[in-house]
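Novice: just coords:
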Ligand code: HEM
């Protein structure tokens, strides 16, 4: 083995304990002190007189009343002897411990990962030139992370919350991250609203309690969220377990020359021809909408098999970093506004959460060879011995990859801040509600009545929500109005 290419790792095959720099540790139980318990007062004087020998801040905390039994009924103050600053192993151990926690994800903090593989079962090479989709039978290693969205790293999993469903495909042409949720739609369609949305859903900054009045206040301005709420307040809002949970990519990606979204189940896609985008009563790039399966059928692509637990929670869950911008040739972004915002957000937060070289961490690094001139920076542990770290060069044999196609669509128009034309906020949530059995509808109504009954939900907000649900389904609005004794105001 080339010792200089060795990845730093704490190994069980080490013959003895060592410091992080590899020096042998001869005692991992006790810190290095000077002095004994005898002649206490004399020793204290010596210590006080010899500042250089001790860590001053440790001093007070180690002065203690000794047990009367142990010292023949003599009550005394004693020291075990001051700890030496030169006990490098102790300082390193404590300093490392002091820094064990890293910032948790700003959303999706609580999660669990599993490893396995994706296997192509149906040929879609006519839709995409992605290497990992090249033919049935091709297998690609994956790691998946399931998560809750709103609460902290240590929060319960039983809370009503959407669930994250993120898959990293380690393909031969680099990683492909599919960063989806368990619902096929989302709360808002414009990334500008995401931070406010998360603030409203997160605990109240004053009390640190999640409160419905804040959530309902914010979303009363956003009727496009109704469809998402028809999932969240449904039985699906608290999934049975990961095994029975669907995952949906939600955002639309472009398969070269075809549009596609990856909506549900393990591995199906729905595709539309970009020329047909205007044929619907909704905007296909609007993430608050599903693509109806009777019009745009699910096409099977492959299966996802999770057959291996992770070895280490921190390395393969906390340090795991997904990003919707990480794609492979054959898959490209669409003009979906929410996706465009996400393309920026994830790597940005990861550079803060994990550091600028987070893609060198083993769980995030591609499994294929990779090379570029990004170098140095905090915690860069890539060993490089080239002299040419610029491009182009007549001396560097590195060359461009073969050109791969990107969508040829032409963009033109005025710069503008605008909302989409076909908002159509109420049709799909209403259809969804009507598709349920009466007892499921009843549970949905009860959850809304509970939420809208909270004392700090204002009369105005309550009326707006009843009005929204009336527009989705008249009978639903009437039920809510009669339970809450309110008449829709708009
Ligand atoms: C503009 C909209 C959005 C923004 C700005 C955004 C931002 C973020 C950020 C900053 C994180 C933390 C990432 C990390 O620390 O590693 C995150 C995690 C996540 N987001 Fe989003 N998000 C958006 C929309 C969505 C949507 C629509 C979905 C699902 C379809 C989604 C699914 C996820 C998942 C699954 C994770 C957790 C990934 C993991 O397990 O590490 N997000 N998001």
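Specialist: That came through fine. Computed from a predicted model, the values in this text were never measured in an experiment.

Novice: C-alpha only now, for contacts and for neighbours.
Specialist: Will do.

Novice: now for the host helix or strand of residue 142, which elements pack on it?
Specialist: Taking DSSP states H and E as the criterion, residue 142 maps to strand 139-148. If you count contacts as 3 or more Cα pairs under 8 Å, 6 or more residues apart in numbering; DSSP states H and E, strand 139-148 packs onto strand 111-120, strand 163-171.

Novice: which residues in this protein form strands?
Specialist: In the chain, the strands defined using DSSP state E lie at 64-65, 77-78, 111-120, 139-148, 163-171, 174-181, 252-255, 258-261, 268-272, 299-300, 302-309, 331-333.

Novice: could you export those strands as TSV, including distance to the ligand?
Specialist: Shown next, in TSV, are the strands of the chain (distance: least, Cα to the nearest ligand atom, whole Å):
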stretch	distance to the ligand
strand 64-65	45
strand 77-78	49
strand 111-120	7
strand 139-148	5
strand 163-171	3
strand 174-181	4
strand 252-255	10
strand 258-261	11
strand 268-272	15
strand 299-300	19
strand 302-309	15
strand 331-333	14
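
Novice: so which of these is nearest residue 441?
Specialist: Each of the strands of the chain has some distance to residue 441 by Cα to Cα; the shortest is strand 163-171, at 21.8 Å.

Novice: which residue lies nearest the spatial centre of this protein?
Specialist: residue 108 (4.5 Å; Cα atoms, centre = their mean).

Novice: which residue is the nearest non-sequential neighbour of that residue?
Specialist: Nearest residue to residue 108 in three dimensions, chain neighbours excluded: residue 149, at 4.0 Å (Cα to Cα, 6 or more residues apart in numbering).

Novice: likewise for residue 309?
Specialist: In space, residue 309 is closest to residue 114, 5.0 Å off (Cα to Cα, 6+ apart).

Novice: quick check, the one you found in contact with residue 141.
Specialist: No: using Cα atoms under 8 Å, residue 114 is not in contact with residue 141, being 11.2 Å away.

Novice: and the gap between residue 404 and residue 331?
Specialist: Residue 404 is 10 Å from residue 331, where distance means Cα to Cα, to the nearest Å.

Novice: so between these two, which is more surrounded?
Specialist: Neighbour count, other Cα atoms under 10 Å: between residue 404 and residue 331, residue 331 has more, with 24 against 11.

Novice: which residues touch that one?
Specialist: Contact analysis of residue 331 by Cα atoms under 8 Å, 6 or more residues apart in numbering lists 128, 130, 253, 254, 255, 256.

Novice: identify the farthest-apart pair in the residues you listed.
Specialist: Top of the distance list for the contacts of residue 331 (Cα to Cα): 130 and 253, 12.8 Å.

Novice: what does this structure have sitting close to the ligand?
Specialist: Proximity of the chain to the ligand, by Cα under 6 Å from any ligand atom, involves residues 105-108, 145, 147, 164-166, 179-181, 186, 191, 194, 249-250, 321-322, 338, 341-342, 345-346, 349-350.

Novice: the residue nearest to residue 108 - how many residues pack around it?
Specialist: A count of nearby residues for residue 149, using other Cα under 10 Å, gives 23.

Novice: residue 478 too?
Specialist: By other Cα under 10 Å, 19 other residues sit near residue 478.

Novice: quick revisit: any idea which of the helices and strands packed on strand 139-148 is most buried?
Specialist: Of these, the one with the most neighbours on average (mean count of other Cα atoms under 10 Å) is strand 163-171, at a mean of 24.

Novice: what mean pLDDT does it get?
Specialist: Mean per-residue pLDDT for strand 163-171: 97.

Novice: what is it packed up against?
Specialist: Looks like strand 163-171 contacts strand 139-148, strand 174-181 (3+ Cα pairs under 8 Å, 6+ apart).

Novice: redo those strands as a markdown table? Include mean neighbour count.
Specialist: As requested, those are exported to a markdown table (neighbours: other Cα atoms under 10 Å):
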| stretch | mean neighbour count |
| --- | --- |
| strand 139-148 | 22 |
| strand 174-181 | 23 |
